[in-house]
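# Sequence first, predicted model second:
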Amino acid sequence: MGGRKVLGGMLAAVLAVSALAGCTGSVPPQAEGAERAVIGGAQPETTPAPPDDVRLKTDSPRESAGVVAAGGPGAPYNYGPTVMADGATNRMWWCSQYPGSPPPGDDILYAESASLDGPFTGPGGSVPPAVLSGNPGQFDGVHACDPSVIRVNGTYYQYYTGAAGDHALGNSIGLATSTDGITWQRAGGGRPIVDPAHDTHRENLYGAGQPAAVYLDGWFYLMFTDTTGLAAGWNGAGQFVLRSTDPAFAGGVEALGEAGFAPVASTTAPRTKSLVDAFSADLMWIDALGAWAIAHETADGTTITFWDRDFVHTPYQPLLIPGVWREGPGLVRRPDGHAPVSAKDPCGRVPVDVVRATVTGEAGAPTDLRRFGLDIVGVNACADPQRALTVLDGFAMPSPVRTMDLVVSGQVVRIDRRSVAQELAGHVLDTRLDVLNQFPVAARLESGTRALKATGLGVGFLLDDGRLYPVRRADAVTANGSATEDVTPAQWRSYPAGPALG
């Protein structure tokens, strides 16, 4: 477990790493619990599966041949990754420590790769840089670790564990924002957004940390550990959930309890429902299944536990991604925290991959990040037309009239030129899926369509429905044969906004 006050039962490991620049809390609890059947608590009793507890089919098990990412010289450990599948680039942030990156404590590193099997390197092939370190004098004055990164409307949000030192209940959750995922600014004046609830105190004095964030239907969901939570296990294990339409959780917060989500006065409201008895878990939303997936470590690898949208029941039986591990997994997710979609079979197949530390290194802390995964198959996600629009978001395919149809934000945009569709789509199918015939065309991008450009706002196409559609890839304007017209920001904003293309 990341976070800088070690969890219970770790005295020997703490002593082993105590010489690392004062970072005595760098060893997660899993490093001492790998032989247990269920990490963080007792083996649950076997109970009959409810009727909706469907068994999923899987194939294509896989693992990387070796280590996929590591810090540069002097980095003694590497664990707690968050992995973003961002088009053709996979981006990873994780917990390590650089001796030359003050203060002496945990740092968050960044690297990227075209392949999940690495090698992940810093921008331009450089050594992975430390992009977030301790902030002296603040709650995260010594340690910054356990990142969870999502991107919403062009802004990167990094939720992380911070601590001012290795003292009792010293961990809280902070938030930093970025426009590129590399240069970060702490939000809210550098104050934590989630502190320990102090519902009860156990021998485990870790506090609150290990966040996992997802954006779904206008809500920011945040799952995390809190060893002081009422519903945590005997040793502090447990995963709690808050949600808010505010990424900083400064207002409009709802907490998950036994009766579902309910408004609470603050992020320290009593934690009455735990989703899984685990430390260092990760969360994602799987559109194709209409379900949440929680990745957490058990004896033989990473277990994936499923919940319905409201976290009321478990629609699918757990899956296991087998293999060696020493610290909690990072799910490979899209920028919003949703599961990736199969490029070849978006309606029937869901790739599930995790990156996790696999050995205890010389420093006595987890390291050697490797990739493991499998595919969920036979899903039939497009049998439900509305779900199909979600699953196929970003896909382009031939239209019935020799043009291309692009699914974007729940609607269909018809595009005259295939070359333009290829610029704007995440994936292009050569064969049309019949389910798309059920939906009307919302707008059409004709060759030479008027393109507008405003300082600070980018470029957009003004389509035939009267809306202005921002374009993330300017090459699409050239490919469409469109002339770009400069307008003022006020003129840009005077048009109704369409969804971003590309």
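Received, thanks. Residues are numbered from 1 along each chain as shown.

# Can you tell me which residue sits nearest the middle of the protein?
residue 337 (4.0 Å; C-alpha atoms, centre = their mean).

# That one touches residue 287, doesn't it?
No - look at residue 337 against residue 287 with C-beta atoms under 8 Å: they stay out of range, at 11.2 Å. (C-beta placed from N, C-alpha, C; glycine too.)

# and residue 496, how many neighbours does it have?
Per other C-beta atoms under 10 Å, the neighbour tally for residue 496 reads 9.

# Name the nearest residue to it, ignoring sequence neighbours.
Take residue 496 and drop its neighbours on the chain: the residue closest to it by C-beta to C-beta, 6 or more residues apart in numbering is residue 467, 4.6 Å away.

# got it, and residue 202?
residue 236 (5.3 Å).

# Can you classify the one you found by secondary structure?
coil (DSSP: H, G, I helix; E, B strand; the rest coil).

# these two touch, right, residue 484 and residue 477?
Yes - counting by C-beta under 8 Å, residue 484 touches residue 477, with 6.0 Å between them.

# which stretches of the protein aren't confidently modelled?
1-51, 168 (pLDDT under 70).

# at 80 what do you get?
1-52, 166-169 (pLDDT under 80).

# Would you confirm that residue 275 contacts residue 296?
No - counting by C-beta under 8 Å, residue 275 stays clear of residue 296, with 9.5 Å between them.

# what about those two, which has more around it?
residue 296 (26 against 21).

# Can you give the contact residues for the helix or strand hosting that one?
Here residue 296 sits within strand 291-298, counting by DSSP states H and E. Residues outside strand 291-298 that contact it (C-beta atoms under 8 Å, 6 or more residues apart in numbering): 30, 37-39, 223, 239, 275-276, 278-286, 302-309, 311, 315-316, 320-321, 325, 327-329, 331, 339, 352, 354, 356.

# Now the element after that strand, going C-ward?
strand 301-307.

# wait, isn't the residue nearest to residue 202 in contact with residue 227?
Yes - at 3.0 Å, residue 236 and residue 227 qualify as touching, with contact defined as C-beta under 8 Å.

# Identify each buried residue in stretch 429-447, please.
Using 16 or more other C-beta atoms under 10 Å as the test for burial, stretch 429-447 gives 429, 433, 435-436, 439, 441-446.

# That stretch: end-to-end distance?
Terminal residues of stretch 429-447 lie 21 Å apart, using C-alpha to C-alpha, to the nearest Å.

# With stretch 174-189 instead?
Where stretch 174-189 begins and where it ends lie 10 Å apart, using C-alpha to C-alpha.

# Repeat that for stretch 307-315.
Start-to-end, stretch 307-315 (C-alpha to C-alpha) is 6 Å.

# before we move on, what about stretch 80-94?
End-to-end distance (C-alpha to C-alpha), stretch 80-94: 5 Å.

# Which positions in it come out as buried?
For stretch 80-94, by 16+ other C-beta under 10 Å, it's 80-85, 90-94.

# where do the helices sit along the stretch 301-450 of the chain?
For the stretch 301-450 of the chain, the helices defined by DSSP state H, counting those that start in this stretch cover 385-391, 418-424.

# right, so of the ones you listed, which gets closest to residue 101?
Nearest to residue 101, of all the helices of the stretch 301-450 of the chain, is helix 418-424, at 38.6 Å by C-beta to C-beta.

# Quick check: buried residues in the closest one?
For helix 418-424, by 16+ other C-beta under 10 Å, it's 418, 420-424.

# can you list contacts of the helix or strand encompassing residue 476?
For residue 476, the host element (DSSP H and E) is helix 475-479. For helix 475-479, the surrounding residues in contact (C-beta under 8 Å, 6+ apart) are 417, 419-420, 423-424, 451, 459, 461, 471, 484, 501-502.

# run the last query once more with 6 Å
For helix 475-479, contacts defined as C-beta atoms under 6 Å, 6 or more residues apart in numbering pick out 419-420, 423-424, 451, 459.

# From the residues you listed, pick the one nearest residue 75.
residue 423 (38.1 Å).

# Tell me which residues touch that closest one, please.
Per C-beta under 6 Å, 6+ apart, neighbours of residue 423: 473, 475-476, 479.

# Kindly recompute the last result at 10 Å.
396, 415, 417, 471-480, 501-502 (C-beta atoms under 10 Å, 6 or more residues apart in numbering).

# now those: which count as buried?
Applying 16+ other C-beta under 10 Å to the contacts of residue 423 flags 396, 415, 417, 471, 476-477, 479-480, 501-502 as buried.

# want to throw the residues you listed into TSV with distance to residue 70?
Output for the buried ones among the contacts of residue 423, formatted as TSV (distance: C-beta to C-beta, whole Å):
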residue	distance to residue 70
396	37
415	42
417	43
471	37
476	37
477	40
479	39
480	43
501	37
502	33
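
# quick one: which two of those are the most distant?
396 and 477 (16.8 Å).

# Report the distance from stretch 335-351 to the chain centre.
14 Å (C-alpha atoms, centre = their mean, to the nearest Å).

# Pretty sure residue 183 sits against residue 131.
Yes - Residue 183 is in contact with residue 131 according to C-beta atoms under 10 Å; the separation is 7.4 Å.

# which residues do these two both contact?
residue 176.

# returning to that earlier point: mind putting the buried residues of helix 418-424 in a markdown table, distance to residue 377 included?
Below are the buried residues of helix 418-424 laid out as a markdown table (distance: C-beta to C-beta, whole Å):
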| residue | distance to residue 377 |
| --- | --- |
| 418 | 29 |
| 420 | 33 |
| 421 | 28 |
| 422 | 27 |
| 423 | 31 |
| 424 | 29 |
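
# between these, which is nearest residue 155?
Out of those, the member with the shortest distance to residue 155 (by C-beta to C-beta) is residue 424, at 21.2 Å.

# What are the boundaries of the helices in the stretch 1-150 of the chain?
11-17.

# how far away is the residue lying farthest from the centre of the chain from residue 432?
Relative to the centre of the chain, the most outlying C-alpha is that of residue 401, 38.3 Å out, by C-alpha atoms, centre = their mean. Residue 401 sits 11 Å away from residue 432 when distances are taken as C-beta to C-beta, to the nearest Å.

# nearest to residue 348, of the buried residues of stretch 429-447?
residue 433 (10.8 Å).

# how about the closest one, what does it touch?
By C-beta under 10 Å, 6+ apart, the neighbours of residue 433 are 346-347, 382, 388, 392, 395, 397, 405, 407.

# Of all pairs in those residues, which one is the farthest apart?
Longest span within those, C-beta to C-beta: 347 and 405, 15.5 Å.

# which of those two has more neighbours?
residue 405 (26 against 18).

# For the stretch 101-250 of the chain, which segments count as strands?
107-113, 130-132, 143-152, 155-163, 172-178, 185-186, 208-216, 219-226, 240-244 (DSSP state E, counting those that start in this stretch).

# Residue 250: which of these is closest?
strand 240-244 (8.0 Å).

# got the CA positions of that closest one in PDB?
Output in PDB follows, covering the C-alpha atoms of strand 240-244 (Å, rounded to 0.1, in the frame of the first residue of the first chain):
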ATOM      1  CA  PHE A 240     -15.300   3.700   0.300                       C
ATOM      2  CA  VAL A 241     -16.800   5.900  -2.400                       C
ATOM      3  CA  LEU A 242     -17.700   9.600  -2.600                       C
ATOM      4  CA  ARG A 243     -19.100  11.400  -5.600                       C
ATOM      5  CA  SER A 244     -19.600  15.100  -6.600                       C
END
